[in-house]
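**Q** Got a predicted structure here, sequence first:
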Amino acid sequence: MKRSTVVATLLVLGLGLAATSVPAQSPGTRADEEAIRKVITTMTEEFNRHDAVGATRMYADGARLVTVRGEVMDGRAAMEKGLASIFATRARNAMHRTLDVSIRFIRPDVALAHVTNELSGLVAPDGQALPAHKELSLRVFAKDGGTWRVEAFHNTMVRPFDAPTR
């Protein structure tokens, strides 16, 4: 055999062995995905009840929440206080409706969820009703002791500004 053919054959075999020795990323199970979806559903239901304690129950103790307005709340106590204030003011009549959920497992115990909601019932500081809008949140979940908890939640408005007029 020609030297170049032998080198090419060894290279292909070596790459094949290297590829099989690298552990494949383990996806989450169907039960894990269903558990995360249940947490997301519960979060929406608690928001719609305007229950700040219930809405933060599924967060890890040291989790971080960033609202659509850029308000940062670190830890469940801060989230409860911040959400209670929001529910008492601009979101006293607000309702979430989940439109889409996409979950991707980073590791068997860590997942990212992109959740699109429609939010209606907000009021401006002057009391004017605001139109419904879509929000997209990125939620980081970690499984600890068999329970999926939110470690981070970052919310953003989908297309928050009207298109410029021509």
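**A** Sure, I can see it. Fair warning: this is a prediction, and the values are worked out from it, not measured in the lab.

**Q** tell me the secondary structure for the most centrally placed residue in the chain?
**A** In the chain, the residue lying closest to the centroid (C-alpha atoms, centre = their mean) is Arg139, at 1.8 Å. Assigned with DSSP: H, G, I helix; E, B strand; the rest coil, Arg139 falls in the strand class.

**Q** Also the one 3 residues further on?
**A** The three-state label given to Ala142 by three-state DSSP is strand.

**Q** and Ala77, how many residues sit next to it?
**A** Neighbours of Ala77 under the rule other C-beta atoms under 10 Å: 11. Placement of C-beta: from N, CA and C, glycine included.

**Q** Tell me the pLDDT of it.
**A** Ala77 carries a pLDDT score of 95 in this model.

**Q** how much space between it and Ala63?
**A** Ala77 sits 11 Å away from Ala63, going by C-beta to C-beta, to the nearest Å.

**Q** Ramachandran angles for Met31?
**A** If you look again at residue 31, you'll see it is Ala, not Met. phi -60, psi -40 (degrees, to the nearest 10).

**Q** Please list all residues in contact with the residue nearest to the centre of the chain.
**A** Applying C-beta atoms under 8 Å, 6 or more residues apart in numbering to Arg139 gives the contacts 40, 112-115, 150, 152-154.

**Q** hmm, try it at 6 Å
**A** Taking C-beta atoms under 6 Å, 6 or more residues apart in numbering, we find Arg139 in contact with 113, 150, 153.

**Q** So what sits opposite the spatially closest residue to it that is not a sequence neighbour in the bridge?
**A** Spatially, and ignoring its direct neighbours in sequence, Arg139 is nearest to Ala113 (4.5 Å; C-beta to C-beta, 6 or more residues apart in numbering). Beta-bridge partners for Ala113, by DSSP bridges, are Ile103, Arg139.
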